[in-house]
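Novice: fold the following and give me the result.
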Amino acid sequence: MKTNRIIINALKSLGKNKLRSFLMMIGIIIGILALTLIVSVGFGAKDLVMERVDKFGTKSLMVFAGGGIQLSQRDAAQGSTTLKPEDVEFLAREIPEIIDLAPFSRKGNSGDIKYFEKSTTAAVFGATPSYASVWEWDVTQGEYITDEDMKTLNRVCLIGPTVKKELFGEKNPIGELVRIGNIQFEVKGILEPKGTSPGGGDMDNRIMVPLTTFLRRVANIDYLSGIKVLLHDSKQIEPVAENIKQVLRERHQLAEGVPDDFTIITPTEVTEMAEKVSGTFNIFLALLAGLSLITGGFVIANIMTISVNERKKEIGLRKAVGASSNKIVLQFLFEALAVTISGGIIGIVLGGGGAIVLGKVMQMPVSVSWESILVGVISASIIGIIAGIQPAKKAARLNPIEALK
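Specialist: Predicted coordinates for the structure are as follows:
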């Protein structure tokens, strides 16, 4: 019997038992659907990691006040007083590899911002003119903070798109007065939209004022939350980070054995943090998908075993007229493959559509690619072959005389 004839017989057999075939498909559909979602979310997470690294800057590193601060826990730096404005000048003078620095200070997690009867909460930052170039973060409307604003402790501010939407809607906010706490500020510019930060926060829900104004008039402090450092070359990151560490330890008069009172974070650490979060999520989903596929494989194997018992006469007749054991094995393997590949295709379609919907609803990145389709097809094929082997062998071992009784 030719292979194409075997395939036709396999498909006819499945067509005669539509309910049984559908029941065999269910587990595969669910498993491949979940697997497609995982691969799509996984590739989306990788894109997100690279996007966050790009936002952080491959030629940049961060120095936070306080020791042992992670990027996801950077708010813990708000209570540390170890980083001073003078440290910025010292680093700029001592380390020639540095192009520019952007010191900043932040008031807690958020501050109350008011515009007449409207109010919102946003992160309040004190920043310098260099913040625009170091963070590659300019304004879409109005003007940025200037050196003159810094010198005169000017009460001007830049607002993020989220703050603009909450307080002004479609109205032009330039020149309007808002209150940060009890202090009135003139809106000087609207910041470019940045979306999610490397640490996962909303970068657009913030308001910036001149650093000197922030330190003297808003927070009444003399210390910084952090410094972003821009270098000439990304290859200099690690040696410069070590150099900054030594310079700050010397400046802060930290004896040998005393822990750092600051934290340096590099792009490598940003990547590792983002990959760790997305990796944990993907592992959890992969386990669920794997269990679904294994369950689906067991279901197929059991139902096909029952099918062998029900079709003993058919198998015996075929063997009696000359069908070899290999041909019998091939037919049952083709049946298992047809079920799993059909279920796999349905699962891929549902998984791809589900990934797109999930991305829109959860506002998370997804990437439905040929890799996700390939993984789905290969996984379905492997499950089909494994699930069909034992029933196929059982069918091939049947004695035609006993089967026809």
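Novice: now residue 224, nearest residue through space, not along the chain?
Specialist: Nearest residue to residue 224, sequence neighbours excluded (CB to CB, 6 or more residues apart in numbering): residue 83, at 4.5 Å. C-betas here are computed from N, CA, C, even on glycine.
Novice: helix/strand/coil for that neighbour?
Specialist: coil (DSSP: H, G, I helix; E, B strand; the rest coil).
Novice: what about it, how many neighbours?
Specialist: By the criterion of other CB atoms under 10 Å, residue 83 has 25 neighbours.
Novice: ok, it to residue 249 distance?
Specialist: Counting by CB to CB, to the nearest Å, the separation of residue 83 from residue 249 is 13 Å.
Novice: over to residue 298?
Specialist: From residue 298 to residue 249 the distance is 61 Å (CB to CB).
Novice: ok, the two, which is more surrounded?
Specialist: residue 249 (17 against 13).
Novice: so who does that one touch?
Specialist: With contacts defined as CB atoms under 8 Å, 6 or more residues apart in numbering, residue 249 is in contact with residue 260.
Novice: ok, now with 10 Å
Specialist: 255, 256, 258, 259, 260, 261, 262 (CB atoms under 10 Å, 6 or more residues apart in numbering).
Novice: please confirm that it is located within a strand.
Specialist: No: counting by three-state DSSP, one finds residue 249 to be helix, located in no strand.
Novice: helices along the chain, start to end?
Specialist: Along the chain, the segments classed as helices by DSSP state H run 3-16, 18-56, 85-94, 131-134, 147-151, 161-167, 211-213, 237-251, 267-310, 312-320, 325-362, 370-396, 400-404.
Novice: just the pLDDT for residue 217.
Specialist: Listed pLDDT for residue 217 reads 92.
Novice: look up how far residue 85 lies from it.
Specialist: 15 Å.
Novice: so which of the contacts of residue 249 is the closest to residue 143?
Specialist: Proximity of those to residue 143, judged by CB to CB, is greatest for residue 262, which lies at 32.5 Å.
Novice: now that closest one: how far from residue 227?
Specialist: From residue 262 across to residue 227, the span is 9 Å (CB to CB).
Novice: shared neighbours, the two?
Specialist: Common neighbours of residue 262 and residue 227, using CB under 10 Å, 6+ apart, are 63, 64, 65, 83, 87, 244, 248.
Novice: farthest-apart pair in these, please.
Specialist: Pairwise distances across those (CB to CB) peak at 13.5 Å, for the pair 65 and 244.
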